[in-house]
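1. here is my input; please provide its structure:
(one chain, ligands or ions: 2)
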Amino acid sequence: MTTSFPRVALDEDHHVHSTFSDDAVSTVADNLRAARDRGLRVICLADHVRQGSPWVPDFVAAVRELRPAPDIEVLAGVEAKILNGEGELDLPPSLRGVDQVLIADHQYPGDHGPVPPQDMRDALERRECSAADVIDGLIGATLGALEQAATPQLAHLFSLLPKMGLDEADVPGPALDHLAQGCYRAGARVEVNEKWACPSPRTIRALAAAGVPLVASTDSHDCATVGRYTRVREILAAVPAAPVP
Ligand SMILES: [Zn+2]
Ligand SMILES: [Zn+2]
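-> Numbers count the residues shown, from 1 in each chain. Ligands and ions are numbered 1, 2, ... in the order given. Below you'll find the model as predicted:
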């Protein structure tokens, strides 16, 4: 169950939320059961953290209790948003026992902290900033964030762009290559994300060409959707064999 180019295993799910996240309904055990029922070989259980989240040790312990599970690797992840242009992450001080840090573009990482995407959209419409500068800032912050985590994983790369009224096609080719090289150097994984249907085939082409490991994820908030891919398959089928400028 691995696609040929780019190589992405579809019998894995690298981003699954449990009840440690406020907005998810299934327990870590429910999610693992669903993953095993569907024959998955890897699951990364991952929940939303902030700097002050006190429950990370409890989450790590809950994941640890599920191991070893027959025929499936069980990873513990935390998902944190990029806070600012430096790429600082909204992470608690101790990440003991956490396997993957999922880096998320939930808000625009502005110079003075996170900015809601609607505010960025308004600012772009009022021409207070340019699309090129906004994209440049997002890529710079993402590159910075890669340095903040020992085991980084880009959660839903560029999901923020449409929320700000922008498009991945607006990202210049050299900027995409620069980001892909940064991901490779940092040893980062990049998700092809079912919930947000991103990144685009063109971005995936650039990442794959740079040797960046790509992983499938549902960003599931309910065990019913663990390991189920429709949009990811469509995106991967559309990845061009040659680079797109
Ligand atoms: Zn997210
Ligand atoms: Zn998520």
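
2. which parts of stretch 204-218 are buried?
-> Residues 204-208, 210, 212-218 are the ones in stretch 204-218 that count as buried (16 or more other CB atoms under 10 Å). Yep, even glycine has a C-beta here, placed from its N, CA and C like the rest.

3. likewise stretch 72-87?
-> By 16+ other CB under 10 Å, the buried positions in stretch 72-87 come out as 72, 74-85, 87.

4. sorry, back to before: which one of the buried residues of stretch 204-218 is nearest ligand 2?
-> Taking CB to the ion as the measure, Ser217 is the one of the buried residues of stretch 204-218 closest to ligand 2, at 8.3 Å.

5. got a pLDDT number for the closest one?
-> Among the per-residue scores, Ser217 shows a pLDDT of 98.

6. about what we covered before: can you sort out which of the buried residues of stretch 72-87 also neighbour ligand 2?
-> Taking CB under 5 Å from the ion as the test, ligand 2 is in contact with Glu79 out of the buried residues of stretch 72-87.

7. and the two most separated of the buried residues of stretch 72-87?
-> Using CB to CB, the two most remote members of the buried residues of stretch 72-87 are Ile72 and Gly85, lying 38.7 Å apart.

8. count of neighbours near the closest residue to Asn193 other than its chain neighbours?
-> Excluding its sequence neighbours, the residue lying closest to Asn193 (CB to CB, 6 or more residues apart in numbering) is His156, at 4.1 Å. Counted by other CB atoms under 10 Å, the residues lying close to His156 total 25.

9. can you check the one 10 residues further on too?
-> Residue crowding around Leu166 was assessed by other CB under 10 Å; the count is 20.

10. can you check the one 4 residues further on too?
-> Around Asp170 there are 13 other residues, counting by other CB under 10 Å.

11. likewise for Arg189?
-> Burial measure for Arg189: 21 neighbouring residues, criterion other CB under 10 Å.

12. measure it to ligand 2 for me?
-> As for Arg189, its distance to ligand 2 is 14 Å (criterion: CB to the ion, to the nearest Å).

13. before I go, just wanted to say thanks for your time.
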